[in-house]
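> next input, structure requested:
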Amino acid sequence: MLESMLMGPMHPPPGAVPVAVAQARYEPIEGSVTYTGTVQSYEDEDIYPRLTGTIVEMPVYPGDRVHQGQLLVVLDNQRDSEYFQRLEEARYASIAAQHEAGVFKEEFTEKRFQLDAAMDAEQAAQEEMAQARAKLDYWLPELEREATLLKTQVVSRQEYDNELSELKVAQAALRQAEARLGQAQSSRRAAQAAFDAAVHHVGHGRADADKAQAAAEVASTINRYTRILAGKDGIVTRRLISPGVLVNPGMMILKVAHINQVRLQAEVASSDLDQIRIGAPVSVISQEGKEASLSARVTAIFPAADPSSRTSIVEALVDNRTARGAPPGDQSGSKAGVKGQDSVSAGSYRFLPGQYVVMSISTGRTERALTIPTSALIWREGKAQVWRAIGSTGQSHPQQYSCPMHPQVVSERPGRCPKCGAELQPRQPGGAKAVELVDVRVGLSNSERSEVLSGLAAGDQVVYGGYADLQPGSMVVAAEWGKPGPVKLPRAADLADNQLRSGNNWSLASRSGNLLVSISLSPVPPVGSRNSVLVRLSRPDSLPVAGARITAQTSMPTMNMAGPSLLAEERRPGSYELKSNLMSGTWQLNLSIAPAGDKPCDLTFSLEIP
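Residues are numbered from 1 along each chain as shown. Predicted structure coming up:
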């Protein structure tokens, strides 16, 4: 009897496990790795006091959105604050110092004028002395000449005495001019000293005024520290201290997060990190599923790995504002009872700090790759394997498509039904199959599909669901599959290995010893009352087996009715035709094959005529 084609009960083979089966196919694929990420604010602004004081006002609460320069905290009442009193004291001291500096400046101006006058008087005395010296210089030689003339009695004694008198007057005038010059120089030195003192005073006065002004500015700055303002736009995430508490410098009061932009951070394993590059696309979905997928790009890869988890952070910086979010400065969402504040609504931002997101990070793309469902991969000791489903002949059937309204319409490629125009749907591969564990090498991968670099060929059928308890050689049947498991089990008729039907394109193949038998119907699909059974006999070396005698007895078991006897006619070596012309229905054929010079064998199978 031919192996695996004996007619038996119409139920799955014993031990057949329903599984999800898919074919390896060529298609574009983009690899990705998926991690759970955490939303971090772009910046965190921690609000600390810079001085000691009692909180008397805090007009914000966690969840409030604040804007740059907005009042967050007030320390101490304005008039009762010691910092305000110090500011007033510093202001008065500054005014007094400015006044004193003005007095020094007026004194400086006066001393400068006095010095100028003394210098002018000294100059005049110097000119007067120069004139007196010039006269003296004139009378000295003149008197010597008169003395010589007097000896020769050219001039009289009277004339000589007159000249001598002029000389003495000139000498007296010179001494007086020298005395007045000395007095002028003394006055100029005194004026210079007074002027230098005025310069010193005005410098000190100016310095004291600047110092007092600086002290007033410092006091003003310190007083401003009693009012704490927001540095940038953000939202209040924590309020650690309530109004009425005395605080000191270094005590945190509030936390404000800047979330117009947020950082999405995922801890990525080192094995995946080498495939990720700056600028790689990232698809982001909030864990709550409230936000549609958001496209982003990798903006940073932290160079240091966590020593305990051996992971590194991959970050994507994204704009966190939604189209529904209120623009900065909009107070339309103010909370009742708190003037000028607005809360963060669900539509203001995509994410809030601390939320979890799912980040799918691209690792590359190729336009043509042999792919299988990622769930089909089994990883053992770092190596990938898949369960491959094979038929009794060790071959996988190609994917077929049929009409849901006209099951007899079958095609090997997608399209539309020629009878009703409905779109053809993929057919689940029929029949029980054995499985084998195959080593594969994986390339790009994402949550849905994975690239197979070696180990499989296009059209190979792999098990991607229900394989938990499989062993090599286990029998499996393809079933319609959903997330929880099989949705619809195949019919017994669809699983029969000895039935010619639309599920196997009305063809069977099997082996008995060294005889290979292929049976098919003509035409495909068959037509009632006009059909033939085709039999092809060959050896394992593909040589046809000619000269065989083939007969068949037909019946319709469901109607308990016998059919015609058939005799095959050899059309060409190894190819035989039985003119059956069976009417529509399910038929059973008992086939007797007697090869020339070989042992005969019998075959029982059924066929379905639409």
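> contacts and neighbour counts: CA atoms only from here.
OK.
> can you tell me the SS state at the residue nearest the centre of the chain?
With distances taken as Cα atoms, centre = their mean, residue 316 lies nearest the centre of the chain, 1.5 Å away. Secondary structure, DSSP: H, G, I helix; E, B strand; the rest coil: residue 316 is strand.
> got the contact list for it?
Residue 316 sits next to 263, 264, 265, 282, 296, 297, 298, 299, 300 when contact means Cα atoms under 8 Å, 6 or more residues apart in numbering.
> format these as a markdown table; extra columns: distance to residue 89.
Formatted as a markdown table, the contacts of residue 316 follow (distance: Cα to Cα, whole Å):
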| residue | distance to residue 89 |
| --- | --- |
| 263 | 48 |
| 264 | 52 |
| 265 | 53 |
| 282 | 60 |
| 296 | 57 |
| 297 | 57 |
| 298 | 57 |
| 299 | 53 |
| 300 | 53 |
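> which strands or helices does the lengthiest strand in the chain pack on?
In the chain, assigned by DSSP state E, the strand with the most residues is strand 25-47. On a contact count with 3 or more Cα pairs under 8 Å, 6 or more residues apart in numbering; DSSP states H and E, strand 25-47 meets strand 254-269, strand 356-373, strand 433-445, strand 449-454.
> against which helices or strands is the shortest one packed?
So the one you mean is strand 449-454. Under the contact rule (3+ Cα pairs under 8 Å, 6+ apart), strand 449-454 is packed against strand 25-47, strand 356-373, strand 433-445.
> now do that strand, average pLDDT.
What strand 449-454 shows for mean pLDDT is 93.
> circling back to that earlier point, out of the helices and strands packed on strand 449-454, which gets nearest to residue 59?
With respect to residue 59, and counting by Cα to Cα, the nearest of these is strand 25-47 at 13.9 Å.
> note down every partner strand of that closest one and its orientation.
Note on strand 25-47: by DSSP bridges, its sheet partners are strand 254-269 (antiparallel), strand 356-373 (antiparallel).
> mind listing the helices for this protein?
82-151, 157-224, 270-273, 492-495 (DSSP state H).
> mean pLDDT lowest where, among those helices?
Of all the helices of the chain, mean pLDDT reaches its minimum on helix 492-495 (a mean of 51).
> what's the neighbour count on the residue lying closest to residue 90 once chain neighbours are set aside?
Of all residues not flanking residue 90 in the chain, residue 216 sits nearest, at 4.6 Å (Cα to Cα, 6 or more residues apart in numbering). Using other Cα atoms under 10 Å, residue 216 is surrounded by 22 other residues.
> what does the one 5 residues further on give?
As a burial measure, the neighbour count of residue 221 was computed by other Cα under 10 Å and equals 13.
> who are the neighbours in contact with it?
For residue 221, no residue counts as a contact, taking Cα under 8 Å, 6+ apart as the criterion.
> what residues are up against residue 202?
Residues 101, 104, 105, 108 are the ones in contact with residue 202 under the rule Cα under 8 Å, 6+ apart.
> and the closest residue in space to the third one that isn't next to it in sequence, how far from residue 97?
In this case it means residue 105. Nearest residue to residue 105, sequence neighbours excluded (Cα to Cα, 6+ apart): residue 202, at 5.5 Å. The spacing between residue 202 and residue 97, counted by Cα to Cα, to the nearest Å, is 11 Å.
> one more: residue 75?
Going from residue 75 to residue 97 by Cα to Cα gives 30 Å.
> next one: residue 535
122 Å.
> do residue 281 as well
Residue 281 is 66 Å from residue 97, by Cα to Cα.
> swap in residue 355?
Residue 355 is 59 Å from residue 97, by Cα to Cα.
> same check, this time on residue 46
Residue 46 is 39 Å from residue 97, by Cα to Cα.
> the more surrounded of those two?
Counted by other Cα under 10 Å, residue 46 and residue 97 do not tie: residue 97 has more neighbours, with 21 against 13.
> my guess is the more buried one contacts residue 205. True?
Yes: here residue 97 reaches residue 205: they are 7.0 Å apart, a contact under Cα atoms under 8 Å.
> which residues are in contact with both of the two?
Common neighbours of residue 97 and residue 205 are not found (criterion: Cα under 8 Å, 6+ apart).
> isn't residue 441 right next to residue 450, touching?
No: applying Cα under 8 Å as the test, residue 441 and residue 450 come out as separate, 10.2 Å apart.
> compare these two and say which is more crowded by neighbours.
Using other Cα under 10 Å, the more surrounded residue of residue 441 and residue 450 is residue 450, with 25 against 13.
> who's that one bridged to?
According to DSSP bridges, the partner residues bridging residue 450 are residue 372, residue 445.
> list the contacts of it.
Residue 450 touches 29, 31, 371, 372, 373, 374, 442, 443, 444, counting by Cα under 8 Å, 6+ apart.
> grab the nearest non-local neighbour of the third one.
Nearest in space to residue 371, with sequence neighbours left out and distances taken as Cα to Cα, 6+ apart, is residue 451 at 4.5 Å.
> that neighbour and residue 29, how far apart?
With distances taken as Cα to Cα, residue 451 is found 7 Å from residue 29.
> what's the answer for residue 103, then?
Note on residue 103: its distance to residue 29, by Cα to Cα, is 87 Å.
> ok, now residue 547?
53 Å.
> pick out whichever of these two has more residues nearby.
residue 29 (21 against 17).
> so what's the more buried one bridging to?
Residues in beta-bridge contact with residue 29 (DSSP bridges): residue 366.
> so how many other residues sit close to the nearest residue to residue 43 once chain neighbours are set aside?
Spatially, and ignoring its direct neighbours in sequence, residue 43 is nearest to residue 258 (5.3 Å; Cα to Cα, 6+ apart). Residue 258 sits with 23 neighbouring residues when counted by other Cα under 10 Å.
> the bottom helix or strand of the chain by mean pLDDT?
Lowest mean confidence among the helices and strands of the chain (mean pLDDT, DSSP states H and E): helix 492-495, at a mean of 51.
> got the domain boundaries for the chain?
According to automatic domain parsing, the chain comprises the domains 11-24+377-489, 33-76+234-364, 82-224, 498-610.
> which residue sits farthest out from the middle of this structure?
residue 153 (127.2 Å).
> what does the pLDDT read for it?
Confidence at residue 153, expressed as pLDDT, is 79.
> distance of it relative to residue 165?
The gap separating residue 153 from residue 165 is 19 Å, by Cα to Cα.
> residue 371 too?
For residue 371, the distance to residue 165 - Cα to Cα - is 138 Å.
> these two - which one has more neighbours?
residue 371 (26 against 14).
> show the contacting residues for the more buried one.
24, 25, 26, 27, 29, 449, 450, 451, 452 are the contacts of residue 371 under Cα under 8 Å, 6+ apart.
> please tell me the pLDDT value assigned to it.
Per-residue confidence (pLDDT) for residue 371: 95.
> over to residue 539: give its phi and psi.
Note on residue 539: its backbone torsions stand at phi -100, psi 170 [degrees, to the nearest 10].
> picking that back up, want to try TSV for the helices of the chain, with distance to residue 17 as columns?
Compiled in TSV, the helices of the chain are given as follows (distance: least, Cα to Cα, whole Å):
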stretch	distance to residue 17
helix 82-151	84
helix 157-224	78
helix 270-273	35
helix 492-495	12
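> not counting sequence-adjacent ones, nearest residue to residue 312?
Residue 312 sits nearest to residue 305 (Cα to Cα, 6+ apart), 4.6 Å away.
> thank you, goodbye.
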